[in-house]
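Peer 1: Model the following, please.
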Amino acid sequence: MAGEMDKERVGSWEQKWSEGKINFHKQEVHPDLKRWYDKLVPDDRPRTVLVPLCGKSVDMMWLYSKGHTVIGIECAEKAILDFFAENKLDFTTSSSVPEATLYQTADGRLRLYRADICRLSGETIGAVDGIWDRASYVAMNVEDRPKYAALLRSVMAPGCRYLLSTVEYGPCEFRGTPRSVTPADFRPEFESVADIEHLYSHPQPDDLPPGLLRCSPAGLQENLYLIVRR
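Peer 2: The predicted structure follows:
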């Protein structure tokens, strides 16, 4: 059983999974991961790649199939069980650390931790060579972002390459996720230890929640950044 989790922080996500309200889940590998894969993995050497707030993302199987060790973090047990079932993967479970339950394949190259990410220790995860963050930073409550960033900094090995996908928009009535994340929100958390590069912007993306699109906030765009640990 996973360690104690903040019910207010993770309860809504567990409810979304239990009710099948998972429009944020994509059935295909994210095109940005394919397009910018060489930024995450600049050579053919197998890496350890972290996928925070992973859900049952098919991106994990894609990375795993390329020979990488993939570590996911997710609070909803249903998402984890669905991932293994849908990919026809056998797994074992372990509660050897107090703050998480580990679900992993026999080869140890695919490890999913059920945990409250803001209460998870970097020592539990260990050092990683890459991070693929498609919908995690933008899902965090604003007050939880410092804890989240601190966890990521703690696991980034020297040379770790972190692909960060964000959504940015001006003030509006939309109160769900994705939340707006600007460079001012994350740059202070990483610039002292990493180099940050803006890779691209996609103005007016159309695959966002209808509630956000209806608001038509100023400056709505998706961004992709590369953060490389020095």
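Peer 1: For the rest of this, base every contact and every neighbour count on C-alpha atoms.
Peer 2: Fine.
Peer 1: OK, contacts around P52?
Peer 2: G72, I73, E74, I117, I131, W132, D133, S136 (C-alpha atoms under 8 Å, 6 or more residues apart in numbering).
Peer 1: Please verify my assumption that the first one contacts K56.
Peer 2: Translated: G72. No: at 9.1 Å, G72 does not count as touching K56 under the criterion of C-alpha atoms under 8 Å.
Peer 1: Not counting its neighbours along the chain, what's nearest C160?
Peer 2: Spatially, and ignoring its direct neighbours in sequence, C160 is nearest to D129 (4.3 Å; C-alpha to C-alpha, 6 or more residues apart in numbering).
Peer 1: er, V155 I mean
Peer 2: Using C-alpha to C-alpha, 6+ apart, the nearest residue to V155 is A127, at 4.5 Å.
Peer 1: distance of that neighbour from A157?
Peer 2: For A127, the distance to A157 equals 5 Å [C-alpha to C-alpha, to the nearest Å].
Peer 1: Quick check: Y148 touching C118?
Peer 2: Yes: using C-alpha under 8 Å, Y148 is in contact with C118, at 5.9 Å.
Peer 1: Per-residue pLDDT of the spatially most central residue of the chain, please?
Peer 2: Against the mean C-alpha coordinate of the chain, by C-alpha atoms, centre = their mean, the closest residue is P52 at 3.1 Å. pLDDT, P52: 98.
Peer 1: do the same with M1
Peer 2: 44.
Peer 1: And the one 5 residues further on, by the same measure?
Peer 2: Predicted confidence (pLDDT) at D6: the value is 74.
Peer 1: The one 5 residues further on too?
Peer 2: Looking at G11, its pLDDT is 81.
Peer 1: secondary structure element for it?
Peer 2: helix 7-18 (DSSP states H and E).
Peer 1: swap in Y103?
Peer 2: Going by DSSP H and E, Y103 is part of strand 100-104.
Peer 1: now that strand: mean pLDDT?
Peer 2: 97.
Peer 1: who does the lengthiest strand in the chain touch, helix- and strand-wise?
Peer 2: Longest strand in the chain, counting residues (DSSP state E): strand 156-168. For strand 156-168, the packing partners by 3 or more C-alpha pairs under 8 Å, 6 or more residues apart in numbering; DSSP states H and E come out as helix 37-40, strand 128-133, strand 221-229.
Peer 1: can you rerun that using 6 Å?
Peer 2: When contacts are defined as 3 or more C-alpha pairs under 6 Å, 6 or more residues apart in numbering; DSSP states H and E, strand 156-168 sits against strand 128-133, strand 221-229.
Peer 1: Neighbouring strands - and their directions - for the shortest one?
Peer 2: Based on DSSP bridges, the pairing partners of strand 128-133 within the sheet are strand 48-51 (parallel), strand 156-168 (parallel).
Peer 1: Would you mark the buried spots in stretch 162-177?
Peer 2: For stretch 162-177, burial by neighbour count (16 or more other C-alpha atoms under 10 Å) applies to Y162, L163, L164, S165, T166, V167, E168, Y169, F174, T177.
Peer 1: what do you get for stretch 51-62?
Peer 2: Buried residues in stretch 51-62 (16+ other C-alpha under 10 Å): V51, P52, L53, C54, G55, K56, S57, V58, D59, M60, M61, W62.
Peer 1: Can you pull the poorly scored residue ranges out of the protein?
Peer 2: The model of the chain has pLDDT under 70 over residues 1-4, 7.
Peer 1: 80 instead, please
Peer 2: 1-9, 204 (pLDDT under 80).
Peer 1: which non-adjacent residue is nearest D206?
Peer 2: Nearest-residue entry for D206: L213, 7.6 Å, with adjacent residues in sequence omitted and distances by C-alpha to C-alpha, 6+ apart.
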